[in-house]
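# Predicted structure and sequence below. I'll ask about it afterward.
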Amino acid sequence: MGILKNAAPLPNIPWEDRPRGGEREEPLWRYSKNPVIPRNLTRFSNSIFNSAVVPFKGEFAGVFRCDDTSRRMNIHAGRSGDGINWTIADDPIPFIKTDPDLPDSQYKYDPRVVFVEDRWYVIWCNGYFGPTIGLGYTRDFEKFYQMENILMPYNRNGVLFPRKIGNNYALYSRPSDSGHTPFGDIVYSESPDLVYWGRHRHVMSPAPFEKSAWQCTKIGAGPAPIETTEGWLLIYHGVLTSCNGFVYSFGAALLDLDKPWQVIARSRPYLIAPQAPYELSGDVPNVTFPCAALTDGETGRLAVYYGCADTVTGLVFGIVDEVVDFVKRNSIA
């Protein structure tokens, strides 16, 4: 099992062996048939990206950001037998409000999905007088229930932990402003009931340009943290402000298991940066944005789904042990 903790076997994890040849040290490699999800898989989608995938009943389910051809942002449910070939609903998820006084969402985007205790929680960027963090749940990926917003506007990149820390639910988020934020730190919060949040702790800031330029403008949590014997493995995105605008890459960090706001190690080099044609060109060029990670507890295999140029969805592979070792050997923390 290697260094993974509490990871279930996933023998049918999407997988492709590392390509042969080359001398570069690359702990992740791209699926040779990327993009794994095209932009027009539904009847009305302009683009499908920044989406969440999880194992479900021996197959796979997911919640997908589908911007339609009027460029409205919303999230849709999908299913797959192999994690590669997907059927995604044409219509957005019709959330059932857990409280009739819950305000309507002005938009929904960039979902994450994580199983905690007895259900799958869906977290997304929710439009409510600006971006905030929406929360809901499902038990069957057919009926979805919307709960209270987690935090006040403005906030993005909310990611729940797969288990409680002590007696509380735990969350990473990135406070922001109302626009396309030119800054961003990762913050940790706890809640006894998923409604009232506190015990806020600063986790990480953007890195100094001279130390790690790919993450010098802003950072944000990606998939749900992965529990290992070395700490929580957090795959996160970082942004560089170039002469041609923002460039989104992603790397990884290790954080203390009991105090997840304490950084153990943080990768100086990126894991993936925009290099493939479908990452360099699209509705928003130069974006690689991770939102979901699958692991196999038997082999340590890792599959990460990520948005490409805000247009399509890509897939990369790796081994958890190798990623953790890479972070520890190349840390700026």
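Thanks, I have the structure now.

# separation between the residue nearest to residue 94 when sequence neighbours are not counted and residue 108?
Sequence neighbours aside, residue 144 is the residue nearest to residue 94 in space, at 7.5 Å (criterion: CB to CB, 6 or more residues apart in numbering). For every residue, glycine as well, the C-beta is placed using N, CA and C. In this view, residue 144 and residue 108 are 11 Å apart by CB to CB, to the nearest Å.

# who has more neighbours, the two?
More neighbours surround residue 108 than the other of residue 144 and residue 108, with 25 against 19 (other CB atoms under 10 Å).

# Could you report the pLDDT at the more buried one?
Looking at residue 108, its pLDDT stands at 98.

# That one reaches residue 124, doesn't it?
Yes. When contacts are counted by CB atoms under 8 Å, residue 108 is listed as touching residue 124 (5.0 Å).

# list residues touching both of these two?
Listed as contacting both residue 108 and residue 124 by CB atoms under 8 Å, 6 or more residues apart in numbering are 75, 134.

# show me the contacts for the closest residue to residue 132 other than its chain neighbours.
Residue nearest to residue 132 in three dimensions, not counting chain neighbours: residue 153, with 4.5 Å by CB to CB, 6+ apart. Counting by CB under 8 Å, 6+ apart, residue 153 makes contact with 128-132, 178.

# Now restrict those residues to buried residues only.
128, 131-132 (16 or more other CB atoms under 10 Å).

# For residue 170, state which of those residues is nearest.
residue 132 (18.2 Å; CB to CB).

# quick one: the closest one from residue 110, how far?
12 Å.

# Need the residues touching each of these two.
The contact lists of residue 132 and residue 110 share residue 125, where a contact means CB under 8 Å, 6+ apart.

# still on that earlier bit, got the phi and psi for the residue nearest to residue 132?
Torsion angles at residue 153 (phi, psi; degrees, to the nearest 10) stand at phi -60, psi 150.

# Quick one: the strands in the stretch 101-250 of the chain, in order.
Assigned by DSSP state E, counting those that start in this stretch, the strands in the stretch 101-250 of the chain fall at 108-116, 119-127, 131-138, 144-146, 155-160, 169-175, 186-191, 198-204, 218-221, 226-228, 231-242, 245-255.

# most tightly surrounded among those?
Of these, the one with the most neighbours on average (mean count of other CB atoms under 10 Å) is strand 218-221, at a mean of 26.

# So which residue is dead centre in this structure?
residue 291 (2.1 Å; CA atoms, centre = their mean).

# so that residue sits in a helix?
No. Read with DSSP: H, G, I helix; E, B strand; the rest coil, residue 291 is strand and lies in no helix.

# What angle do strand 231-242 and the helix of greatest length in the chain make with each other?
Longest helix of the chain, by residue count under DSSP state H: helix 320-329. With axes from the mean of the first three to the mean of the last three CA atoms, to 10 degrees defining the directions, helix 320-329 sits at 60 degrees from strand 231-242.

# Can you tell me what sits against helix 320-329?
With CB under 8 Å, 6+ apart, helix 320-329 has contacts from 2-4, 25, 27-28, 226, 228, 230, 233, 251-254, 265-267, 271, 295, 300-302.
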